[in-house]
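A.B. asks: coordinates only, sequence not included:
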Ligand code: ADP
Ligand code: MG
């Protein structure tokens, strides 16, 4: 909030001024009754009415100014926190994000952030004003008439107590409903992301039932919280109205005996009403602040999280061993069984490594380690002779680019998706990358500026894969990792792609389920259950590795019968 110190001081001050004006109003009304009406002094009444109008106008101006400052401070503050949160999320490693969960990050970025902004805004507006009006009105009542003001001394604590009781019951329920909202949001998100799968397995009904149940829980919790806070109103009104009856009753006796004027009595009733309105605002403020603090806590746990991966500050290495795994073991969780065990291999600059193995054998994990999405649990990884942990973030991204198993494209155009990795890339450069990735034909048909929907949903799986391959090639990194990224291409397109990739200078790591994709690799690793079951060239493996033989022959037969 520091940069907005000015707004944070001015907003409450203007609100205070507004309150001061409001406290004057009952006094003016009292004098209209006592002086103007009792002596039938019409000009005096007119003057006082003008004064009231003036006060109203001034009050409006002051109030708008206050709202302006508080809204400004709150929205700028929320902008800054959002930016900080975004930066923090970007700096977290894959492992951290796995731990936290995506759904809750989104609720924190949106609903919690709104809650926080409202909290700041309301606090700035009411923190000085509400208590000031309550005590101010009570004090003013005492200056009007000490005896009648005793009724204030009894009814205010009574009101405050009623509000505190109701709040202490409803607050925990509001808190719980925030947690329930989290669950509804995360289910919605999951459902939207997996909508195709759900349809494919006809799971809509069950998901709908589950959603309805959670939504119902949220509804009931919010309802019960609201029911209690709704009760606050009739109860406080009852207390106030009883107090007003008492005021009028004793006031009438005093007016009759001449110790209190009619105007003063009206002023007292006005003050009582002001106190009621303000106490209810105060109660709402406390609820808002509590919810905002709760949200602030949820946001700050993320802000305080230290990224589990920190980059070194070194430049890329220069040895001609491009990738070297030295007895690497990796597990995703502290207690889970290793996804990779004792992996050791090395690859020269410009060579091609093939990785093959069943699902869950650790192929994607191996790729993730090469681009340091995760750090090895034991052992070390060197790129060009230098430990991967010594690379600066930039050096690492210049050295390695990865084509993920699941192609990720962004909303925009084909061009913007390509420029994403290399800003200012010219048409020629982009076209040549598209050509290598065998994407040029379908891109030419649409044009470079054809629209790409979020996540590339308007493209086929194979088109998405080819675009993300082109994107990696455009970067011209020294190492390019393909994680099963041509699985949606037909054999012919894939073999053309392979032939073009072979002409690049880059070191390639190609993961595939198809033995045919790896025939020409300089070295092939066969993974099985996170271990290297065998390694060597295609010919060597055919002789030595039963697993490789099995994979190759089952596919070779299928290929002959099917595609070519
Ligand atoms: P492949 O790519 O060969 O199919 P993966 O490398 O994706 O296999 O997975 C290897 C093992 O690690 C599997 O047992 C899988 O369940 C586990 N695994 C993969 N990703 C994660 C993750 N983010 N968190 C926990 N376990 C994971
Ligand atoms: Mg995989």
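C.D. replies: Right, received. Where do you want to start? Keep in mind that what you see is a predicted model, and the values were worked out from it rather than measured. Ligands and ions are numbered 1, 2, ... in the order given.

A.B. asks: quick one: which helix or strand includes the residue in the chain that ligand 2 sits nearest to?
C.D. replies: Going by C-beta to the ion, ligand 2 is nearest to residue 364 of the chain, at 3.2 Å. C-beta coordinates here come from the backbone N, C-alpha and C atoms, glycine included. Applying DSSP states H and E as the criterion places residue 364 in helix 363-370.

A.B. asks: same deal with residue 407?
C.D. replies: Short version, using DSSP H and E: residue 407 is in no helix or strand.

A.B. asks: where's it relative to residue 400, distance?
C.D. replies: Applying C-beta to C-beta, to the nearest Å, the value for residue 407 to residue 400 is 17 Å.

A.B. asks: Please state the offset of the helix holding residue 364 from the chain centre?
C.D. replies: Mean C-alpha position of helix 363-370 versus that of the full chain (C-alpha atoms, centre = their mean, to the nearest Å) differs by 27 Å.

A.B. asks: So what touches it?
C.D. replies: The list of residues contacting helix 363-370 from outside it, by C-beta atoms under 8 Å, 6 or more residues apart in numbering, reads 94, 323, 325, 328, 330, 332, 339-340, 343, 355-357, 374-376, 381, 383, 400, 402, 405, 479, 481, 483-484, 509, 511, 527, 530.

A.B. asks: Tell me the first helix or strand C-terminal of the strand or helix carrying residue 224.
C.D. replies: Assigning secondary structure by DSSP H and E places residue 224 in helix 204-257. Scanning forward in sequence from helix 204-257 by DSSP H and E, the next helix or strand is helix 262-304.

A.B. asks: helices and strands around that following helix, which ones?
C.D. replies: helix 5-31, helix 42-91, helix 113-126, helix 129-144, helix 146-193, helix 204-257 (3 or more C-beta pairs under 8 Å, 6 or more residues apart in numbering; DSSP states H and E).

A.B. asks: list the contacts for the residue most central in space within the chain?
C.D. replies: Central residue of the chain (C-alpha atoms, centre = their mean): residue 109, 2.6 Å from the mean position. The neighbourhood of residue 109, defined by C-beta under 8 Å, 6+ apart, consists of 82, 85-86, 89.

A.B. asks: pLDDT at it, what is it?
C.D. replies: Looking at residue 109, its pLDDT is 90.

A.B. asks: Repeat that for the one 3 residues further on.
C.D. replies: At residue 112 the predicted local confidence, pLDDT, stands at 89.

A.B. asks: so how far is residue 504 from the residue of the chain closest to ligand 2?
C.D. replies: 22 Å.

A.B. asks: Those two: who's more crowded?
C.D. replies: Higher neighbour count among residue 364 and residue 504: residue 364, with 19 against 14, using other C-beta atoms under 10 Å.

A.B. asks: how much space between the more buried one and residue 126?
C.D. replies: 53 Å.

A.B. asks: count of neighbours near residue 253?
C.D. replies: The burial count for residue 253: 11, using other C-beta under 10 Å.

A.B. asks: Show me where the stretch 451-564 of the chain has its helices.
C.D. replies: 461-474, 491-502, 538-544, 546-562 (DSSP state H, counting those that start in this stretch).

A.B. asks: so of those, which one's packed in deepest?
C.D. replies: helix 461-474 (a mean of 24; mean count of other C-beta atoms under 10 Å).

A.B. asks: Let me know the angle separating it from helix 491-502.
C.D. replies: Between helix 461-474 and helix 491-502, the angle comes out at 0 degrees (axes from the mean of the first three to the mean of the last three C-alpha atoms, to 10 degrees).

A.B. asks: Show the average pLDDT along helix 461-474.
C.D. replies: Across helix 461-474, the average pLDDT comes to 88.

A.B. asks: Ok, stretch 477-494 next?
C.D. replies: When pLDDT is averaged along stretch 477-494, the result is 85.

A.B. asks: which parts of that stretch are buried?
C.D. replies: 477-489, 493-494 (16 or more other C-beta atoms under 10 Å).

A.B. asks: repeat for stretch 30-41
C.D. replies: Of all the residues in stretch 30-41, those buried under the rule 16+ other C-beta under 10 Å are 30-34, 36.

A.B. asks: and what of stretch 102-122?
C.D. replies: Within stretch 102-122, the residues that count as buried by 16+ other C-beta under 10 Å are 103-105, 107-109, 111-113, 115-122.
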